[in-house]
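Visitor: Got a sequence here, can you build the structure:
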Amino acid sequence: MNDAVRPRRSALFLPASNAHAIEKARTLPCDVVILDLEDAVAPAQKKAAREAAVAAVRDGGFGARELVVRVNAPDTPWGADDLAALAGAAAEAVLLPKLEDPAILADVRAALGGGPALWAMIETCEGVLRLPAIAAVAAERGLTALVAGTNDLARELRCRVGVDRAPLLPALAQIVLAARSKGLVALDGVINTLDDQAAIAAECAQGRAYGFDGKTLIHPAQIAAANAAFGPSDDEVAAARVLAAAFDGREDEGAIRVEGRMVERLHLEEARRTLALAAAVAAR
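Guide: The predicted model follows:
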């Protein structure tokens, strides 16, 4: 599958210490499974969680779901052991929490070798401010995704986050901007609401409007809303097919008229991406 159009509509966090959750994740309709060794795991369970995550990666069974492991930060008592354990595993990516210093990416890459891709959580004020420097070394260090850590960022900002997430929107826009500048994936932060499906859908729609590729989640009840919001709708797919067909045989033209409006090659590129993403989703 072309990684540029790989579906990442829904990325579900689950504690690697919970064997039942890991087994259930193999059956859920999420695009990404993130085995968490950090926030969701108590200090006394860190070692067991690490061993469980490595075993889960080794055993597989996640199908087309992308398997990611969030490690503890390298400067914690568990970070180095997490990286050493995952250096020989086959996780598709390792997610770094609270990344602020781009130099850390070099250390992590050295510890992991040439194996999994790196994903980075941007969840502190310093991390947001240093986004340009982080994105600048992405290709060199194998960093492929930026993940908004909205809970930690809100805590550090001391802001009051309502349903519109207004205090966080400038930072979210910067995360998307940095990701797009270097061709990285951008994932929106979690929503803590579990039972209000309208609220979950609204926040997913907001993330899609801001340009995110998908949303991180903390409960299976949130998956359907994320998949619906971040996947191409039937109308979007239909419009993309019309536009692509209109350009067929006219690729040398810079702009053409399609159904009463002028479209350019940039619209053709986006239409092709929409169709590729729809095909990738359908293939699941």
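Visitor: Residue 35 against residue 56, yeah?
Guide: Yes: Residue 35 is within contact range of residue 56, at 6.1 Å (criterion: C-beta atoms under 8 Å). In short, each C-beta sits where N, CA and C put it, glycine included.
Visitor: shared neighbours of those two, anything?
Guide: Residues touching both residue 35 and residue 56 (C-beta atoms under 8 Å, 6 or more residues apart in numbering) are 16, 22, 67.
Visitor: Which member of those residues is positioned nearest residue 95?
Guide: For those, the minimum distance to residue 95 (C-beta to C-beta) is 11.0 Å, reached by residue 67.
Visitor: if we can go back for a sec, please tabulate the shared contacts of residue 35 and residue 56 in TSV, including the columns neighbour count.
Guide: Converted to TSV, those look like this (neighbours: other C-beta atoms under 10 Å):
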residue	neighbour count
16	28
22	21
67	23
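Visitor: for the stretch 1-150 of the chain, what spans make up the helices?
Guide: 19-25, 46-59, 79-87, 103-112, 125-129, 131-136, 138-141, 150-157 (DSSP state H, counting those that start in this stretch).
Visitor: Could you export those as a markdown table, including mean pLDDT?
Guide: Shown next, in a markdown table, are those (pLDDT from 0 to 100):
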| stretch | mean pLDDT |
| --- | --- |
| helix 19-25 | 97 |
| helix 46-59 | 97 |
| helix 79-87 | 97 |
| helix 103-112 | 97 |
| helix 125-129 | 98 |
| helix 131-136 | 98 |
| helix 138-141 | 97 |
| helix 150-157 | 98 |
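Visitor: Can I get the ones you listed in JSON lines including distance to residue 187?
Guide: Below are the helices of the stretch 1-150 of the chain laid out as JSON lines (distance: least, C-beta to C-beta, whole Å):
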{"stretch": "helix 19-25", "distance to residue 187": "17"}
{"stretch": "helix 46-59", "distance to residue 187": "19"}
{"stretch": "helix 79-87", "distance to residue 187": "20"}
{"stretch": "helix 103-112", "distance to residue 187": "18"}
{"stretch": "helix 125-129", "distance to residue 187": "14"}
{"stretch": "helix 131-136", "distance to residue 187": "14"}
{"stretch": "helix 138-141", "distance to residue 187": "15"}
{"stretch": "helix 150-157", "distance to residue 187": "11"}
